[in-house]
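[1] this one's sequence-less:
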């Protein structure tokens, strides 16, 4: 289940402990303009910055690590220290924190293609959180 972040409630979600998030450009395949966040307790949050008409500053309040990220349309992302970049293809980007990276990277190592990672990354991150808590 995802919690929806909207223009009306976004201030309630400015202190999330984010361990992974995806960012999609407005013209990306899939849901353009989407940002999906997974927190350290495995909860999932979703917003669409284009539909909600969020400013860049508001998005940075919801997802502070995004402030230090640079994404290009395809196959490139620069992320801050302590985070790892995964190209999800077609204008979609994933950023994963060090705390989940090892088990996440191992889980996607043998996936057949980027589409499989795109479709399953949230579940894989949630599993990584469970493994790190054991």
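    Sure, I can see it. What you are looking at is a predicted structure, and each value in this text was computed from that prediction instead of being measured.

[2] what are the ranges of the strands in the protein?
    Secondary structure of the chain (DSSP state E): strands at 2-4, 18-24, 34-39, 44-48, 70-71, 77-78, 83-89, 92-97.

[3] what residues does the fifth one touch?
    Meaning strand 70-71. 23, 25, 77, 78, 93 (C-beta atoms under 8 Å, 6 or more residues apart in numbering). (C-beta placed from N, C-alpha, C; glycine too.)

[4] where do the helices sit along this structure?
    56-62, 98-108, 114-132 (DSSP state H).

[5] low-confidence ranges, this protein, go.
    Applying pLDDT under 70 to the chain picks out residues 75, 130, 132-134.

[6] report the central residue of it.
    For the chain, the residue sitting closest to the mean C-alpha position, by C-alpha atoms, centre = their mean, is residue 21 at 1.4 Å.

[7] I figured that one hits residue 62, correct?
    No: between residue 21 and residue 62 there is no contact, the gap being 9.4 Å when judged by C-beta atoms under 8 Å.

[8] need the overlap of contacts for these two.
    With C-beta under 8 Å, 6+ apart as the test, residue 21 and residue 62 both reach 35, 37.

[9] which ones are touching residue 14?
    61, 62.

[10] returning to that earlier point: from residue 77, how far out is the residue nearest to the centre of the chain?
    12 Å (C-beta to C-beta, to the nearest Å).

[11] residue 7 now?
    For residue 7 relative to residue 77 (C-beta to C-beta), the value is 26 Å.

[12] and the spatially closest residue to residue 7 that is not a sequence neighbour, what does it touch?
    Closest residue to residue 7 apart from its sequence neighbours, by C-beta to C-beta, 6 or more residues apart in numbering: residue 52 at 4.8 Å. By C-beta under 8 Å, 6+ apart, the contact list for residue 52 reads 5, 6, 7, 10.

[13] could you do residue 50 as well?
    Residue 50 neighbours (C-beta under 8 Å, 6+ apart): 26, 32, 33.
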